[in-house]
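Participant: Provided below for reference: sequence and predicted model.
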Amino acid sequence: MQLSKGQNTTVPGDRITVSVSWPRSHDCDADLSALLLQGGRVRSDDDFVFYNQAQSPDGSITLAGKTHTADVVTDTLTCALADTDPVVDTIAVAVSVDGAPSARLADLAPITVVMTAQAETFTFVLGDLSDETAAVTAELYRRNGTWKVRAVGQGYRDGLAGVARDFGITVDDEAPSPAPVPAADSGVDWGNPPVPAGYEI
């Protein structure tokens, strides 16, 4: 199933694998991360799963690591949804560029998100990239006792630190960083994003 930005669907079963792929580059790379949220915020810095902390405290989210082919790099995380702490209502999945200061996600386009649960596969291509250095690609969230997935595609121009800060992570900076700037317009409250016409919540 191909998802468009803002579209959601029910996750079958209680396990899902999220893989993000991009063309291999000699100049830059990217990394996958996840944030476990309660009411749009992490409970502590431990709820940030990334390359220096590859598993969530409850063991439900694990970074499986990267695979490489001659042309494509894929970073993957696994989500055991049934094992997620009951107070966690959303899992935000982000990708961030790793490379020279001038590197941007657009340098790695197209960036493709593939989510697999049981026999079903949901795909989302991260589009409209310009100077963003990180993006929330998708989110898994509980609704009436059921896990669902939504394609998000919200970009940030201040990298992984911007994503982390936006969700309540303490980020050590030598100097204050600018506030995150959405890739597309805004005014949108991404803690409670709008649902396009024709899509259920």
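Facilitator: Good, I have the coordinates.
Participant: and the most centrally placed residue in the chain, bridged to which residues?
Facilitator: By C-alpha atoms, centre = their mean, the chain has its centre lying nearest to Val93, at 2.0 Å. Note on Val93: beta-bridge partners Ala34, Ala138, judged by DSSP bridges.
Participant: let me see the contact set for it.
Facilitator: Val18, Val20, Leu32, Ser33, Ala34, Leu77, Val113, Val136, Thr137, Ala138, Glu139, Leu140 (C-beta atoms under 8 Å, 6 or more residues apart in numbering). For glycine as for every other residue, the C-beta is placed from the backbone atoms N, C-alpha and C.
Participant: which stretches of this protein have low pLDDT?
Facilitator: Filtered on pLDDT under 70, the chain yields the residue ranges 173-201.
Participant: just the strands in the chain please.
Facilitator: 8-10, 15-23, 28-37, 48-49, 61-68, 72-80, 90-99, 111-117, 120-126, 134-143, 146-156 (DSSP state E).
Participant: buried deepest among the ones you listed, which one?
Facilitator: Sort the strands of the chain by mean neighbour count, taking mean count of other C-beta atoms under 10 Å, and strand 48-49 sits at the top with a mean of 24.
Participant: picking that back up, any idea how far the residue nearest to the centre of the chain lies from Asp71?
Facilitator: Counting by C-beta to C-beta, to the nearest Å, the separation of Val93 from Asp71 is 23 Å.
Participant: as a markdown table, the strands of the chain with distance to Leu105 would be great.
Facilitator: Listed next are the strands of the chain as a markdown table, based on distance: least, C-beta to C-beta, whole Å:
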| stretch | distance to Leu105 |
| --- | --- |
| strand 8-10 | 23 |
| strand 15-23 | 8 |
| strand 28-37 | 7 |
| strand 48-49 | 19 |
| strand 61-68 | 16 |
| strand 72-80 | 13 |
| strand 90-99 | 5 |
| strand 111-117 | 6 |
| strand 120-126 | 7 |
| strand 134-143 | 6 |
| strand 146-156 | 7 |
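Participant: now for the ones you listed, which one comes closest to Gln2?
Facilitator: strand 120-126 (5.3 Å; C-beta to C-beta).
Participant: tell me the helices and strands packed up against that closest one.
Facilitator: strand 111-117, strand 134-143, strand 146-156 (3 or more C-beta pairs under 8 Å, 6 or more residues apart in numbering; DSSP states H and E).
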